[in-house]
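Engineer: output the structure for:
(one chain, ligands or ions: 2)
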Amino acid sequence: MFGPPPAGYERREIAPGAVHLPGWLTPDRQRDLVAACRAWATGPVPIRHTRLPRGGVMSVQTVCLGWHWQPYAYTRTADDVNGRRVARLPDWLADLGRRAVADAYQDPGQGAGYEPDAALVNFYDADARLGMHQDKDERSLAPVVSLSIGDTCLFRFGNTRTRNRPWTDLTLASGDLLVFGGPSRLAYHAVPKILPGTGDPAVGPARGRLNITLRVTGLTDRAPEATGAAPAGAAPVASPESGTRY
Ligand SMILES: O=C(O)CCC(=O)C(=O)O
Ligand SMILES: [Fe+2]
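Structural biologist: Ligands and ions are numbered 1, 2, ... in the order given. Next up is the predicted model:
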């Protein structure tokens, strides 16, 4: 489905293990991804504002593939939406993730070994934002691959110890790839601001910003041995640590 990335794209190391490749997605690939996101947004689990445990809702709207994420765990079914199983993560999207890792780290072997099993598709309208958080509900430390389409955002990439400085502010524009793994895998990060009207509606969505993150959950459908009785596939898989994502 996807040809090679544009020749001569830049590679910027934000921090050890965190690499930004501006314009990595060609306009045609971005259009294909937008069409796919439109379809995923309709179901089997429709895109929605994720509810937070203390009653708030996220300003970002999210639909998941492979595994459903809600604060702060992954499950196969969207029990906070309509109870249905989320759509599969398509092989072509996992392939795109493998290329992303290979290109970011300039390491074809690491790319080939990347097996994402979940994607979060986030839609930001002009006022949406995402607070400082770590992606830590996964049990694997494999890299996160992030693809941005539509309006440019301000993106804040912090450190692994605290949600405060030091951080690096950068912009993620339509077509940009960011991969964070290795020593940066658990770095705090945020989307403090969308820059409305900066996207090209001929390529991206008519308005707003799409972001797709690919992740390796490290989870399986088998209930953990210790819990014994639960039937395979039925047990929600709780994160060992929880509570700080948003
Ligand atoms: O929208 C982005 O660029 C980042 C999204 C993100 O951090 C997340 O979904 O965990
Ligand atoms: Fe994140």
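Engineer: isn't residue 20 right up against residue 12?
Structural biologist: Yes - when contacts are counted by Cβ atoms under 8 Å, residue 20 is listed as touching residue 12 (4.5 Å). C-betas here are computed from N, CA, C, even on glycine.
Engineer: mutual contacts of those two, please.
Structural biologist: Common contacts of residue 20 and residue 12 (Cβ atoms under 8 Å, 6 or more residues apart in numbering): residue 170.
Engineer: I'd like to know how far residue 133 sits from ligand 1.
Structural biologist: 7 Å (Cβ to the nearest ligand atom, to the nearest Å).
Engineer: how about that residue: which residues does it bridge to?
Structural biologist: Taking DSSP bridges as the rule, residue 133 bridges to residue 189.
Engineer: report how many residues lie close to it.
Structural biologist: When neighbours are counted by other Cβ atoms under 10 Å, residue 133 registers 16.
Engineer: ok, and the residue nearest the centre of the chain, which helix or strand is that part of?
Structural biologist: Nearest residue to the geometric centre of the chain (Cα atoms, centre = their mean): residue 213, 1.7 Å. Per DSSP states H and E: residue 213 is located in strand 209-215.
Engineer: contact partners of that strand?
Structural biologist: 33-34, 37, 89, 93-94, 96-97, 100, 116-124, 135, 138, 140, 142, 144-153, 172, 191, 194, 199, 204.
Engineer: from residue 69, how far out is the residue nearest to the centre of the chain?
Structural biologist: Distance check for residue 213 against residue 69: by Cβ to Cβ, to the nearest Å, it reads 10 Å.
Engineer: name the residues contacting each of these two.
Structural biologist: Common contacts of residue 213 and residue 69 (Cβ under 8 Å, 6+ apart): residue 120.
Engineer: where in the protein is the helix or strand with the lowest mean pLDDT?
Structural biologist: Within the chain, no helix or strand scores below strand 237-238, which has a mean of 42 by mean pLDDT, DSSP states H and E.
Engineer: and the pLDDT at the residue nearest to the centre of the chain?
Structural biologist: pLDDT, residue 213: 99.
Engineer: show me what it is bridged to.
Structural biologist: Per DSSP bridges, the residues bridged to residue 213 are residue 120, residue 146.
Engineer: how close does it get to ligand 1?
Structural biologist: Applying Cβ to the nearest ligand atom, the value for residue 213 to ligand 1 is 5 Å.
Engineer: same check, this time on residue 25
Structural biologist: From residue 25 across to ligand 1, the span is 14 Å (Cβ to the nearest ligand atom).
Engineer: take the strand holding residue 213, keep the C-alpha atoms, and write them as CSV.
Structural biologist: The C-alpha coordinates for strand 209-215 follow below in CSV (Å, rounded to 0.1, in the frame of the first residue of the first chain):
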residue,chain,number,x,y,z
ARG,A,209,-5.1,17.3,13.5
LEU,A,210,-4.9,13.5,13.4
ASN,A,211,-2.2,11.6,15.3
ILE,A,212,-1.7,7.9,15.1
THR,A,213,0.5,6.2,17.6
LEU,A,214,1.6,2.5,17.2
ARG,A,215,2.5,0.6,20.3
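Engineer: from now on call the first residue 22
Structural biologist: Let's use 22 as the start, then, which means that last one is strand 230-236.
Engineer: among the contacts of strand 230-236, which ones lie close to ligand 1?
Structural biologist: Near ligand 1, judged by Cβ under 6 Å from any ligand atom, the entries from the contacts of strand 230-236 are 141, 143, 156, 167, 169, 193, 212.
Engineer: how close does residue 166 get to residue 114?
Structural biologist: Relative to residue 114, residue 166 is positioned 10 Å away (Cβ to Cβ).
Engineer: then residue 201?
Structural biologist: Residue 201 sits 18 Å away from residue 114, going by Cβ to Cβ.
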